[in-house]
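> When you get a sec, could you give me coordinates for this:
(chains A and B)
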Amino acid sequence: MNQWLSALWVEVLKLRRSRLFVISLVVSLLVPVMIGLVFSGTIGSQSAFEGEINVAGFLKELGIVVSMGGLIGFGFVYSWSFGREYSDRTVKDLLALPLSRYGVAAAKIVVSTLLCEVLSLFMFIAGCITAWLTGLDGWSLEVIVQGFSGYAQICLMVVVLSIPVAWMACIGRGFLYPLGIVLLTIVIAQFGGALGIVEYIPWAIPGLLSGASGEESAHLELVSRLLPFLTGTVGLIGTLVWWRYADQT
Amino acid sequence: MAAIIQTEGLTKHFGSHHAVDRLSIEVNPGEIYGFLGLNGAGKTTTIRMLLGMIRPNSGSAYLFGRRVDAGSHKLWAEVGYMVETPYSYPELTVRENLEIIRRLRGIPDRSAIDSIIDRLQLTAYRDRKAGTLSLGNGQRLGLAKAMLHHPQVLILDEPTNGLDPAGIVEVRELLRELAADQGVTIFISSHILGEVSRLTSRIGIVHQGKLLQETDVKDLHPLLRRSLRVETRDPASARSRLTQAGYVVQQNAEGTLRLQEERAVTNPDYISKLLVYADMPPTLIQVEEEDLEHYFLRVIGSEGGVRP
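Residues are numbered from 1 along each chain as shown, chains lettered A, B, ... in the order given. Model prediction:
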């Protein structure tokens, strides 16, 4: 257990010292601030947004942005965490330690997941502060709590959907392959819409749930809501099994 | 004496390419074993199999008598290793990179980092980011990571790569000391026989995945070929005279004559006399011993089909 905690400590150190950490924090701050400024009419045109122009509408918009942009952003976090060990050629230092390989890979997944969740929370808080500072209508604790419930659900789904990217980074031994896969999943999600099977495409579910395709499609069946978690579980098992059993040439 | 490192018929192929082919070796406690081969001979693949990073297609590797498997992680507590060129996290300092290894290896003694930094002469670079280190200092950091936990076994892939001559001697002395004073068993791969023979007690020569020869370094000397080098002012006539006397003489582009027969090598005085009487006195006559690199190339050339 102690050594597993050490593995967590090591992953946090690597993350803290990385550019990814600073860049992801800056992006998480800028995105809600920019949306908030446009939404409130401080800059740009409010006509770019559909629906109500108030805090509830703004938080919904934030969820829509995360449902799509999060796949790229969170995907990059997992891609970096695993892919960097290959591109920096440091992976071999992690393979023959008195600590199970499952433990090393699990520590990476835990820290990446926590970072994604923290970034989501950071975005939400930055969004709420922006909404308050720009004087958007309907700012109240009740609206914030209500908005957070839907937002958190979408964020959780997007983060879970990004876990298979870690597996792809291991298979591709770097960054490019997993990022290609991320783009492919977004294309598949769009294509699913055209074919009318969008509610069965895991990467499209957060978008549907956020109301990006209209309120009527936000009411999903249980099977659709479970698909992202099933995909994440497959990604988690794939990553752990690959880390443990694949030849590390 | 039970072998600390052992492989039995270790085989790995990637598609139709046989990277390692039925390799069987044994390394005894406190021994420094040199694993010698050209690039692509299968050295690194063997080391990766010894470390459980690659699963063999057949055969097995054993450390401390226990079969190596990716899941047998407790085994690695007593093993330090360096595979190919060592790399470290570039944005972290030397100290932080070692702190990572200290934590992952569960070493309670925090001072272990300062000790190994001093021992590998990295003190001046301890707070320098690893990404800014020279190749040689990067190599020292790799060695520091391998030795931080005072392992009983060290598996090192070309450990002196990138080091300057002083660094090579320093590392050689350090490894020799570890084996002699602390009984550490060391397995070193290299493609330079001269370097390996100065450090190891036994060498195994591998080529195209196969172990061609295994010998104690002390038995290496008699295996080296000797020849008699002769230089005269008129090499063509001298060659003709020696051939007339029944010797097989080779002549290179510079006119140097070389005789490899035992009777010539053991009787240079007779050759000298022969040439003096023919009025072609030698300007140089010398018994030369094949250097280790030529020997190495000859072994893999004759056994493996590669011409030196």
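> Report how many residues lie close to residue A:181.
Neighbour count for residue A:181, taken as other Cβ atoms under 10 Å in any protein chain shown: 18. In this view, the C-beta of every residue, glycine as well, is placed from N, C-alpha and C.
> Would you check that it makes contact with residue A:165?
Yes. At 6.5 Å, residue A:181 counts as touching residue A:165 under the criterion of Cβ atoms under 8 Å.
> Could you point out which residue ranges in the chain have low pLDDT?
No chain was given, so I picked chain A. A:1, A:46-48, A:214-218 (pLDDT under 70).
> ah, no, chain B please
Judged by pLDDT under 70, the stretches of chain B that qualify are B:1, B:302-308.
> where do the helices sit along the chain?
I went with chain A, as the question did not name one. Ranges of helices within chain A are A:2-16, A:19-39, A:55-87, A:101-133, A:141-172, A:176-195, A:205-210, A:222-245, based on DSSP state H.
> wrong one, I was asking about chain B
Going by DSSP H, chain B shows helices at B:43-50, B:94-104, B:111-119, B:135-147, B:165-182, B:193-199, B:235-244, B:262-265, B:268-277, B:292-304.
> Mind putting those helices into JSON lines with distance to residue A:247?
Shown next, in JSON lines, are the helices of chain B (distance: least, Cβ to Cβ, whole Å):
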{"stretch": "helix B:43-50", "distance to residue A:247": "8"}
{"stretch": "helix B:94-104", "distance to residue A:247": "22"}
{"stretch": "helix B:111-119", "distance to residue A:247": "31"}
{"stretch": "helix B:135-147", "distance to residue A:247": "22"}
{"stretch": "helix B:165-182", "distance to residue A:247": "29"}
{"stretch": "helix B:193-199", "distance to residue A:247": "28"}
{"stretch": "helix B:235-244", "distance to residue A:247": "57"}
{"stretch": "helix B:262-265", "distance to residue A:247": "50"}
{"stretch": "helix B:268-277", "distance to residue A:247": "56"}
{"stretch": "helix B:292-304", "distance to residue A:247": "26"}
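> can you tell which of those is closest to chain A?
Chain A lies closest, by Cβ to the nearest Cβ, to one member of the helices of chain B: helix B:94-104, at 3.9 Å.
> what angle separates the closest one from helix B:135-147?
Taking axes from the mean of the first three to the mean of the last three Cα atoms, to 10 degrees, one finds that helix B:94-104 is oriented at 20 degrees with respect to helix B:135-147.
> Contacts made by helix B:94-104 with the rest, please.
Helix B:94-104 is contacted by residues A:3, A:6-7, A:9-10, A:13-14, A:17, A:93-94, A:97, A:99, A:104, B:88-89, B:92, B:110, B:112-113, B:116-117, B:122, B:125-128, B:130, B:133, B:141, B:144-145, B:148-149 when judged by Cβ atoms under 8 Å, 6 or more residues apart in numbering or on different chains.
> out of those residues, which are buried?
A:3, A:6-7, A:9-10, A:13-14, A:17, A:93-94, A:97, A:99, A:104, B:88-89, B:92, B:112-113, B:116-117, B:122, B:125, B:130, B:133, B:141, B:144-145, B:148-149 (16 or more other Cβ atoms under 10 Å in any protein chain shown).
> Could you report the neighbour count for whichever residue of the stretch 201-308 of chain B sits closest to chain A?
At 14.6 Å from chain A, residue B:209 is the closest residue in the stretch 201-308 of chain B, using Cβ to the nearest Cβ. When neighbours are counted by other Cβ under 10 Å, residue B:209 registers 23.
> Hmm, residue B:119 is touching residue B:174, no?
Yes. If you go by Cβ under 8 Å, residue B:119 and residue B:174 touch, sitting 7.2 Å apart.
> near chain A, which residues of the stretch 101-250 of chain B?
B:101, B:103, B:104, B:105, B:106, B:145 (Cβ under 8 Å from any Cβ of the partner chain).
> just checking, the fifth one touches residue A:7?
No. Applying Cβ under 8 Å as the test, residue B:106 and residue A:7 come out as separate, 10.4 Å apart.
> Give the intersection of the neighbour lists for these two.
Common neighbours of residue B:106 and residue A:7 (Cβ under 8 Å, 6+ apart) are residue A:99.
> What is the neighbour count of residue 37?
Reading this off chain A. Using other Cβ under 10 Å, residue A:37 has 15 neighbouring residues.
> meant chain B actually
Neighbour tally, residue B:37, other Cβ under 10 Å: 25.
> returning to what we had before: out of the helices of chain B, deepest packed?
helix B:43-50 (a mean of 26; mean count of other Cβ atoms under 10 Å in any protein chain shown).
> That helix close to chain A?
Yes. For helix B:43-50, a contact with chain A is found by Cβ under 8 Å from any Cβ, at B:45, B:48.
> if we look at that helix, which residues are touching it?
With contacts defined as Cβ under 8 Å, 6+ apart, helix B:43-50 is touched by A:248-249, B:5, B:7, B:10, B:12, B:19-20, B:23, B:35-37, B:54-56, B:61, B:63, B:68, B:81, B:83-84, B:155, B:157, B:187, B:189, B:191, B:206, B:209.
> go on, stretch B:291-302?
Counting by Cβ under 8 Å, 6+ apart, B:36-38, B:192-194, B:197, B:205, B:207, B:212-213, B:220, B:223-225, B:290, B:306-308 sit against stretch B:291-302.
> near chain B, which residues of chain A show up?
A:2-3, A:6-7, A:9-10, A:13-14, A:17-19, A:88-90, A:92-101, A:104, A:244-245, A:247-249.
> quick one, what contacts the residue lying farthest from the centre of chain A?
Distance to the chain centre peaks in chain A at residue A:98, reaching 31.8 Å (criterion: Cα atoms, centre = their mean). Contact partners of residue A:98, counting by Cβ under 8 Å, 6+ apart, are A:3, B:73, B:74, B:75, B:76, B:77, B:105, B:106.
> closest to residue A:121 out of the helices of chain B?
Set against residue A:121 and scored by Cβ to Cβ, those come closest in helix B:94-104, at 27.6 Å.
> show me what contacts residue B:83?
Shown in contact with residue B:83 (Cβ under 8 Å, 6+ apart): A:92, B:44, B:47, B:48, B:51, B:53, B:157.
> one more time with 7 Å
By Cβ atoms under 7 Å, 6 or more residues apart in numbering or on different chains, the contact set of residue B:83 is A:92, B:44, B:47, B:48, B:51, B:157.
> Could you give the number of residues near the first one?
For residue A:92, the neighbour count with other Cβ under 10 Å is 20.
> Which residue, other than its chain neighbours, is closest to residue A:38?
Excluding its sequence neighbours, the residue lying closest to residue A:38 (Cβ to Cβ, 6 or more residues apart in numbering or on different chains) is residue A:44, at 4.2 Å.
> Oops, could you answer that again for residue B:140 instead?
In space, residue B:140 is closest to residue B:120, 4.6 Å off (Cβ to Cβ, 6+ apart).
> One more: residue B:255?
Distances taken as Cβ to Cβ, 6+ apart place residue B:235 nearest to residue B:255, at 3.8 Å, with adjacent residues excluded.
> thought the one you found was touching residue B:257?
Yes. Between residue B:235 and residue B:257 a contact is recorded at 5.9 Å, counting by Cβ atoms under 7 Å.
> Dump stretch B:5-20 to CSV, restricted to CA.
Only the C-alpha atoms of stretch B:5-20 are listed here, as CSV (Å, rounded to 0.1, in the frame of the first residue of the first chain):
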residue,chain,number,x,y,z
ILE,B,5,21.5,-15.3,-13.4
GLN,B,6,20.6,-18.2,-15.6
THR,B,7,18.9,-18.7,-18.9
GLU,B,8,17.8,-22.0,-20.4
GLY,B,9,17.2,-22.2,-24.1
LEU,B,10,16.0,-18.6,-24.1
THR,B,11,14.4,-17.8,-27.5
LYS,B,12,12.6,-14.8,-28.8
HIS,B,13,11.6,-14.1,-32.4
PHE,B,14,9.8,-11.1,-33.9
GLY,B,15,8.0,-12.5,-36.9
SER,B,16,10.6,-14.4,-38.9
HIS,B,17,13.5,-12.6,-37.2
HIS,B,18,15.2,-14.7,-34.5
ALA,B,19,16.4,-12.0,-32.1
VAL,B,20,17.6,-14.6,-29.5
